[in-house]
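> dropping a prediction and its sequence here:
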Amino acid sequence: MNRAGWQPETLMRASAANVWVERYGEPGGSGECLFTVRNASEKAVNAILTPEFPVNSLTPIWHGTGIAQPEKNRFTVRLEPWQTAVFKANEAEEKK
């Protein structure tokens, strides 16, 4: 899993306990920083995702629809039962 870029620290929190988050890649690195987000329940859920680093937007890569950004660095996503989605973090540029 390490060769695929899996990281033990997710650097993102989900508001719903039944939504699991995993990270692949490093923020600020030369590659992509991807997140898998899984609804591990039998009911659809709207979850708020909060990255622990500045993110402008999350781009759906696989099965990610209905994402909204109600406020800076917080994103709402709807996940159907047992659905997994993948998002790319588009990082905010640091102000100098």
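Sure, I can see it. Residues are numbered from 1 along each chain as shown.

> pretty sure residue 16 is touching residue 45, no?
Yes - counting by CB atoms under 8 Å, residue 16 touches residue 45, with 5.1 Å between them. Yep, even glycine has a C-beta here, placed from its N, CA and C like the rest.

> give me the buried stretch members for the helix or strand of the chain with the lowest mean pLDDT, please.
Every helix and strand of the chain was ranked by mean pLDDT, DSSP states H and E. The lowest is strand 68-71, at a mean of 76. Of all the residues in strand 68-71, not one is buried under the rule 16 or more other CB atoms under 10 Å.

> neighbouring strands for that strand, and are they parallel or not?
Strand pairing for strand 68-71, using DSSP bridges, gives strand 74-79 (antiparallel).

> can you list phi and psi of the most centrally placed residue in the chain for me?
By CA atoms, centre = their mean, the chain has its centre lying nearest to residue 35, at 4.3 Å. Note on residue 35: its backbone torsions stand at phi -130, psi 130 [degrees, to the nearest 10].

> residue 91 versus that one, what's the distance?
According to CB to CB, to the nearest Å, residue 35 stands 12 Å off from residue 91.
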